[in-house]
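In: Got a predicted structure here, sequence first:
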Amino acid sequence: SPRPLHFLRRGQRVTLHDVPPDRTLLEVLREDLHCTGTKEGCGEGDCGACTVVIGERVQDTDGPAQLRYKAINSCIRLAHSIDGMALWTVEDLTQDPHLHLPAGKDLHPVQESLLQCHGTQCGFCTPGFVMSMFGMYQNHAGGSQLDRQGAQEALSGNLCRCTGYRPILEAARHMAT
Ligand code: FES
Ligand code: FES
């Protein structure tokens, strides 16, 4: 049988046994863990509906190890490839005690920003947009600002068939300032 798969979620170590080597992260999330907030659109890495964020420790020369956040398409990512990493799905933004939501808020700043800019659209593409924005937000938290181009790049892998991008981009820039 395959070796166990470990990752960190909501600050807790998750261990899954018997995950076949060819199982995708999306299948593990939706079918094994019943976390259906992450959607399956194209299933081929083209639409971004299945976006989740992984966190990897990276060691810069001299400096302390840092967590680098990356939005990935879980439909084309093998579950075992995230072994030892941290993982966030759209459900985790309000469930991870380490994310420190702003005082008195029950939404993550990314979700708050989308709400305020009327950037929430259908339930299919929105979770993916939220997660791409989350990855961008976390990498810039407490420091460098994000410009229009950075926001555009971070959202370039997310498709909306209704082409309602303007409020979403606005939300991404709003959140960044
Ligand atoms: Fe479309 Fe994964 S479902 S990129
Ligand atoms: Fe979701 Fe267009 S695909 S609003």
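Out: Good, I have the coordinates. Numbering: from 1, shown residues only. Ligands and ions are numbered 1, 2, ... in the order given.

In: how close does the residue in the chain sticking out farthest from the centre sit to residue 18?
Out: Of all residues in the chain, residue 1 has its C-alpha farthest from the mean position, at 29.6 Å, by C-alpha atoms, centre = their mean. Counting by C-beta to C-beta, to the nearest Å, the gap from residue 1 to residue 18 is 6 Å. Backbone N, C-alpha and C define where each C-beta goes, glycine included.

In: just checking, next helix/strand downstream of the longest helix seen in the chain?
Out: In the chain, assigned by DSSP state H, the helix with the most residues is helix 126-140. Per DSSP states H and E, helix 126-140 leads on to helix 148-154 as the next helix or strand towards the C-terminus.

In: re earlier: what is the mean pLDDT for the longest helix of the chain?
Out: In this model, helix 126-140 has a mean pLDDT of 91.

In: With stretch 15-30 instead?
Out: 97.

In: mind saving the C-alpha coords of it as CSV?
Out: The C-alpha coordinates for stretch 15-30 follow below in CSV (Å, rounded to 0.1, in the frame of the first residue of the first chain):
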residue,chain,number,x,y,z
THR,A,15,-2.5,12.0,8.0
LEU,A,16,-4.2,10.1,5.3
HIS,A,17,-3.6,6.4,4.7
ASP,A,18,-4.2,4.5,1.5
VAL,A,19,-4.2,7.4,-0.9
PRO,A,20,-3.4,5.8,-4.3
PRO,A,21,-0.4,7.4,-6.0
ASP,A,22,-2.5,8.6,-9.0
ARG,A,23,-5.2,10.3,-6.9
THR,A,24,-5.5,14.0,-7.4
LEU,A,25,-5.6,16.5,-4.6
LEU,A,26,-9.1,17.5,-5.8
GLU,A,27,-10.4,14.0,-5.5
VAL,A,28,-8.9,13.7,-2.0
LEU,A,29,-10.5,16.9,-1.0
ARG,A,30,-14.0,16.4,-2.5
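
In: Would you mark the buried spots in that stretch?
Out: For stretch 15-30, burial by neighbour count (16 or more other C-beta atoms under 10 Å) applies to 16, 19, 23, 24, 25, 26, 27, 28, 29, 30.

In: hang on, the last one in a strand?
Out: No - with DSSP: H, G, I helix; E, B strand; the rest coil as the criterion, residue 30 is helix rather than part of a strand.

In: wait, doesn't it sit right on residue 40?
Out: Yes - counting by C-beta atoms under 8 Å, residue 40 is a contact partner of residue 30 at 7.0 Å.
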